[in-house]
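Undergrad: mind looking at a prediction? Sequence and model below.
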Amino acid sequence: MPGPQAVAEARRWVVGTFRDIDREDLVETGELAVSEVVTNAVLHAREPISVQVRGTRLHPRVEVHDGTAVLPILPHEASLPSPSVPDEEADLLATFGRGLDIVARCSDAWGVDVDADGHGKVVWFSPAETVAEDEGPHGVVTGEDAGAVATGEVRPVRLAGVRGDLLHGLGLQQGALRREVRLLALAHGADYPVILELDRVLAVLDAQLRPLVTEPDRAVVDEATGLLDLELHVDLDHLDALERLPALLDLADHFCSDERLLTLARDNVQRAFQTWVLGELAAQARGAAPTPAPRLETLVPDPALEPGAQAAG
């Protein structure tokens, strides 16, 4: 069971990580904020609890994952005494009751992202260079919705001859990319305006693809080939966004390769499969007949697109 040692270990690891990436300017605020978040997780959340530093050296972000989807109490006090890091592991309760006020004061941006499956959450923050004298930025709660909501006319789309492994991989890649883009948009949207557009459009893609990944009973399996036939519905109000996505996803790959996003850039197989899925969603919604999935077995990853982005260290 995690205890005081978990808080101390998280502080030491975050401090070491920031020093490893030459961000000594973020050590104090990162140490203070992660201490508070991990303390709250230990006291109020279920395991597993983990800490990651994601993003890039320029824009690192600390994420604390836990197994409870219940939102923490958001900051409500207007002012607090200057925070200090507990000196001893026994001081686990030293920050209890202060909620996330300290996190807000130590961050340029922060928030809570609830897993779509309701099984956990991530409390994240982008550390500031100094502790704010005021209450700091407001936190943002994301992930509770199911993506873009269908509001207009819908048309059926059939995806035939789909490999299950590619469909599963698409769900994982899109989930990771959407979270990464959403948090980067919240924290640094002013630096990368195109990320704001990608964030909005990925919400549309998430709404269209979520049923394929989360509702396997929608799929009919061809017993002879093992391939899947799937049916879903596309909201016509989202067509323009879906048709913009291929170019935006190519741009996201460049962001990944340039280490401005942590998510791995797509390889040739992933890109070809995703291009076909998006093309079918848009084309069939406009009245075209379904086309079977392309054969992708002969494609190999493109070395030029091998991701250089790793965790911020």
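TA: Looks like it came in fine. Numbers count the residues shown, from 1 in each chain.
Undergrad: low-confidence ranges in this protein?
TA: 1-4, 73-99, 116-118, 143-152, 208-218, 257-264, 298-313 (pLDDT under 70).
Undergrad: what are the ranges of the helices in it?
TA: Here the chain has its helices, by DSSP state H, at 4-20, 27-44, 101-105, 164-188, 193-214, 239-257, 268-285.
Undergrad: give me whichever of the ones you listed is most buried.
TA: helix 101-105 (a mean of 26; mean count of other C-beta atoms under 10 Å). All C-beta atoms are positioned from the backbone trio N, CA, C, and that covers glycine.
Undergrad: run through the neighbouring helices and strands of that helix.
TA: Applying 3 or more C-beta pairs under 8 Å, 6 or more residues apart in numbering; DSSP states H and E, one finds that helix 101-105 makes contact with helix 27-44.
Undergrad: now the helix it packs on against helix 4-20, angle please.
TA: Here the directions of helix 27-44 and helix 4-20 differ by 150 degrees (axes from the mean of the first three to the mean of the last three C-alpha atoms, to 10 degrees).
Undergrad: can you spell out which helices and strands pack onto helix 27-44?
TA: helix 4-20, strand 60-66, helix 101-105, strand 107-114, strand 121-127.
Undergrad: can I get the helices of the chain in a markdown table with distance to V122?
TA: Output for the helices of the chain, formatted as a markdown table (distance: least, C-beta to C-beta, whole Å):
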| stretch | distance to V122 |
| --- | --- |
| helix 4-20 | 14 |
| helix 27-44 | 10 |
| helix 101-105 | 13 |
| helix 164-188 | 8 |
| helix 193-214 | 16 |
| helix 239-257 | 19 |
| helix 268-285 | 24 |
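Undergrad: for V221, which of those is the nearest?
TA: Smallest distance to V221 across the helices of the chain (C-beta to C-beta): 8.2 Å, for helix 164-188.
Undergrad: how far does the closest one sit from its chain's centre?
TA: 6 Å (C-alpha atoms, centre = their mean, to the nearest Å).
Undergrad: picking up where we left off before, mind putting the helices and strands packed on helix 27-44 into JSON lines with distance to L172?
TA: Converted to JSON lines, the helices and strands packed on helix 27-44 look like this (distance: least, C-beta to C-beta, whole Å):
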{"stretch": "helix 4-20", "distance to L172": "25"}
{"stretch": "strand 60-66", "distance to L172": "16"}
{"stretch": "helix 101-105", "distance to L172": "28"}
{"stretch": "strand 107-114", "distance to L172": "16"}
{"stretch": "strand 121-127", "distance to L172": "16"}
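Undergrad: quick one: closest of the ones you listed to D199.
TA: Using C-beta to C-beta, the helices and strands packed on helix 27-44 put strand 107-114 closest to D199, at 12.7 Å.
Undergrad: what lines up beside that closest one in the sheet?
TA: If you go by DSSP bridges, strand 107-114 pairs up with strand 121-127 (antiparallel), strand 140-142 (parallel).
Undergrad: tell me which of these sits most buried.
TA: strand 121-127 (a mean of 26).
Undergrad: that older thread, ok, which of the helices of the chain comes nearest K121?
TA: Closest of these to K121 is helix 27-44, at 9.4 Å (criterion: C-beta to C-beta).
Undergrad: okay, now E133: neighbour count?
TA: Counted by other C-beta atoms under 10 Å, the residues lying close to E133 total 9.
Undergrad: closest to G136 out of the helices of the chain?
TA: Of those, nearest to G136 by C-beta to C-beta is helix 101-105, at 3.5 Å.
Undergrad: returning to what we had before: among the helices of the chain, which is nearest T130?
TA: helix 27-44 (7.0 Å).
Undergrad: still on that earlier bit, make TSV out of the strands paired with strand 107-114 and add distance to G171.
TA: Shown next, in TSV, are these (distance: least, C-beta to C-beta, whole Å):
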stretch	distance to G171
strand 121-127	18
strand 140-142	18
